[in-house]
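Participant: here is my input, please return the structure:
(chains A and B)
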2 protein chains.
Amino acid sequence: MRTELADRFGIEYPIFGFTPSQDVAAAISRAGGLGVLGCVRFNDAEELDEVLEWMHENTDGKPFGVDIVMPAKIPTEGSKVDLDSMISPEHRAFVERTLDDLGVPPLPNGERVDAGVLGWLHSVARSHVDIAMEHTRKYGQIKLIANALGSPPSDVIQTSHDNGVLVAALAGAKEHALHHVEAGVDIVIAQGYEGGGHTGEVTSMILWPELVDAVQDSAPVLAAGGVGSGRQIAAAIALGAQGVWMGTYWLTAAEYKLGMEPDADGPSTVQKALLKATSRDTVRRRIYSGKPARLLKTKWTDAWDAPGAPDPLPMPLQNLLVAEAHARISAADDPDVVAMPAGQIVGRCNEIVPVADMIADLVGEYEQAVGRMNETLKAPVS
Amino acid sequence: MRTELADRFGIEYPIFGFTPSQDVAAAISRAGGLGVLGCVRFNDAEELDEVLEWMHENTDGKPFGVDIVMPAKIPTEGSKVDLDSMISPEHRAFVERTLDDLGVPPLPNGERVDAGVLGWLHSVARSHVDIAMEHTRKYGQIKLIANALGSPPSDVIQTSHDNGVLVAALAGAKEHALHHVEAGVDIVIAQGYEGGGHTGEVTSMILWPELVDAVQDSAPVLAAGGVGSGRQIAAAIALGAQGVWMGTYWLTAAEYKLGMEPDADGPSTVQKALLKATSRDTVRRRIYSGKPARLLKTKWTDAWDAPGAPDPLPMPLQNLLVAEAHARISAADDPDVVAMPAGQIVGRCNEIVPVADMIADLVGEYEQAVGRMNETLKAPVS
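Facilitator: Below is the predicted model:
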């Protein structure tokens, strides 16, 4: 499963694995793909610094990437206090009432969350970039910086290139992809409607070849949204992509430990929810971040769909509004009340599997698919 | 581009082309695919009889199919008068007002439409089956009967099998596919969210392999929703389908003459609308038939999305409600006011092309895609 893009990164398979978990990201890189660490959860630059150091120590010198969330338009910035004042009491009351109705307890020891959204702010995302650049100058392993929302600012692209780091950006429509290329982005990640997290309306089957044709030789395209098997990787290559960008699928990796107690055994609460979900158990809503994002359908998303629920707020206010709710939901232990981005591929997340086995399966099934296609070119047996 | 299913039908390519146009259906069969004539527009069994006779005379003895619309649950049946009384005056007033606002004139010569929906009724669909069976006993060319809504009744399946006709049914979810197979359906058409007409929420990238895995050896799967290039056919085969089911793509075939004056030149009003639409210019709504169906986004669909618009009625009432509106819109000449099912692939419908050229392009691009995939299996050049 070699493509030019895989060769360019010096990786065995063009499987780009986005995950907020350093354990999973490192395992993907060790297994021959490119692990891409999601940074939005790091409000504190020092914490990211430590995690990248850990990544260095656990990836056998193999390349990996980082994913930041830097909106194309600089959103409402300001201190937590300024932003807080922009959220209506009705919105806050709805969240409190919903958590009560769903039986989600307050955080233990009267703890409060008040910085839970800073990763969505422009200034924090910039600090992620700075830390990543420092690391790549030190160890040379960070080969990719991806932006989940629009083209990164031009100085970020410039700094990345100066440090030998390629820049990728997510696109849900042709116009986004063309804008990225014009801004100097190296790789377009075409994210279809079925993907987890932020998506547009156009599905992968339509979007991937549309963006491949739109950007032509200006940038390779990574296929995102709906990939969780070697057959889907084969579809991506058939449609003209140079590789795949997978997110949801790694959430049920054995190495995924986020939200679990250090010594916990068995699947986490979120994993239990993912394991039982079918492909029809997601919804695309603005309730997570303020922009349309696909989430696991749970009692939490149902509450926002019920009559009388308020409209979600714009980014980054919505995330501020629900930050503590997300923390409370995470700390609770109910697979029916989960706030989690997930794509329709969640229907294939049916067991907890180590990353190395996942990748071996993807590669094996890919090769079978190509074999099956070659059969269709044979002349009929007469 | 051979598959077992293509061999079973004795066709060159596993390209199943659904179209309401006999000219297009015949051209697809002549070019090596299987043309499938949509019958819902025939309220009069004799008219279908004549058209099938024409198909026989224009297909060089090649096989073709018919598509009927027979809801799994027998819907509210009854005379036109009974059904009419179930439609509220408010709904009628909204339709009249909207047509006025959009400048759609009444039908010429004070004509009225009052039978425009009978094709959606169970009894009419049954008469389509009877006519098709008569024809296949006479000429043996009708090899497929497809049902757009649920599993056909068991006696229809039985009659079809008795006449050597295979039965296909559309499915938008795993449960539908399993039900079809249990009912004796031979071929499952997996229609993704991006498809034109009735669709579920799960996209083709997810749905196709999910249904392939669900039905396994019980039935081959045709991939529907999002196919308009050889790369997408390659994706379908990669994902495990035995062929593709294409609908929207044929609407801009040169042979498509529905809604045009007999001697008209150049694209029809509907074709003009399709040619300028992008992949983002569709919506999935209940306003066409009462069940969610993807339509071209035009001023007509916008009107139903505007504040104050009524909720659509259940099938078949909604179709009764809008039957005359559809006729008036068709008779008018405004590409911005069109009522037309279309999938997201409409973004690729950018020129008027003869069917034979379309199929040659599909086949050529398919072979290129397989070639590209074989490249990925080669060892690196050292």
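Participant: lowest-confidence helix or strand of chain A?
Facilitator: Taking mean pLDDT, DSSP states H and E as the measure, the helix or strand of chain A with the lowest value is helix A:80-84, at a mean of 71.
Participant: could you list the buried residues of the helix or strand that it is followed by?
Facilitator: Under the assignment DSSP states H and E, the closest C-terminal helix or strand after helix A:80-84 is helix A:89-101. Within helix A:89-101, the residues that qualify as buried are A:91, A:94-95, A:98-99, counting by 16 or more other CB atoms under 10 Å in any protein chain shown. For glycine as for every other residue, the C-beta is placed from the backbone atoms N, C-alpha and C.
Participant: would you confirm that residue A:284 contacts residue A:200?
Facilitator: No - proximity of residue A:284 to residue A:200 does not meet the contact threshold set by CB atoms under 8 Å, at 9.6 Å.
Participant: anything in contact with each of the two?
Facilitator: With contacts defined as CB atoms under 8 Å, 6 or more residues apart in numbering or on different chains, the residues shared by residue A:284 and residue A:200 are A:193, A:292.
Participant: for residue A:293, report the pLDDT, please.
Facilitator: As summarised for this prediction, residue A:293 has a pLDDT of 96.
Participant: list the contacts for it?
Facilitator: The contact partners of residue A:293, taken as CB under 8 Å, 6+ apart, are A:196-199, A:284-286, A:341.
Participant: hmm, try it at 7 Å
Facilitator: The neighbours of residue A:293, taking CB atoms under 7 Å, 6 or more residues apart in numbering or on different chains as the test, are A:197-198, A:284, A:341.
Participant: just the buried subset of these, written out for PyMOL, thanks.
Facilitator: Selecting only the buried members of the contacts of residue A:293 in PyMOL, with burial defined as 16+ other CB under 10 Å, works like this:
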select buried, chain A and resi 197+198+284+341
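Participant: nearest to chain B, of the contacts of residue A:293?
Facilitator: Sorting these by how near they are to chain B, with CB to the nearest CB, puts residue A:284 at the top with 9.4 Å.
Participant: show me what contacts that closest one?
Facilitator: For residue A:284, counting by CB under 7 Å, 6+ apart, the contacting residues are A:199, A:292-294.
Participant: next, the buried residues of stretch A:155-166.
Facilitator: By neighbour count on 16+ other CB under 10 Å, the buried set for stretch A:155-166 is A:156-157, A:159-160, A:163, A:165-166.
Participant: keeping just the C-alphas, turn stretch A:287-307 into PDB.
Facilitator: Included here for stretch A:287-307 are C-alpha records, laid out as PDB according to Å, rounded to 0.1, in the frame of the first residue of the first chain:
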ATOM      1  CA  ILE A 287     -23.800  21.600  20.100                       C
ATOM      2  CA  TYR A 288     -20.200  20.500  20.500                       C
ATOM      3  CA  SER A 289     -18.200  23.500  19.300                       C
ATOM      4  CA  GLY A 290     -20.700  25.900  17.600                       C
ATOM      5  CA  LYS A 291     -19.900  24.600  14.100                       C
ATOM      6  CA  PRO A 292     -21.600  21.500  12.700                       C
ATOM      7  CA  ALA A 293     -19.800  18.400  14.000                       C
ATOM      8  CA  ARG A 294     -20.800  14.800  13.900                       C
ATOM      9  CA  LEU A 295     -21.200  13.200  17.400                       C
ATOM     10  CA  LEU A 296     -22.300  10.000  18.900                       C
ATOM     11  CA  LYS A 297     -26.100  10.100  19.400                       C
ATOM     12  CA  THR A 298     -26.800   9.800  23.100                       C
ATOM     13  CA  LYS A 299     -29.200  11.100  25.600                       C
ATOM     14  CA  TRP A 300     -27.000  14.300  25.700                       C
ATOM     15  CA  THR A 301     -27.500  15.000  22.000                       C
ATOM     16  CA  ASP A 302     -31.200  14.000  22.200                       C
ATOM     17  CA  ALA A 303     -31.700  16.600  24.900                       C
ATOM     18  CA  TRP A 304     -30.500  19.300  22.500                       C
ATOM     19  CA  ASP A 305     -32.900  18.000  19.900                       C
ATOM     20  CA  ALA A 306     -35.900  18.100  22.200                       C
ATOM     21  CA  PRO A 307     -38.600  20.800  21.800                       C
END
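Participant: for residue A:48, give its distance to residue A:198.
Facilitator: Computed as CB to CB, to the nearest Å, the residue A:48 to residue A:198 distance reads 21 Å.
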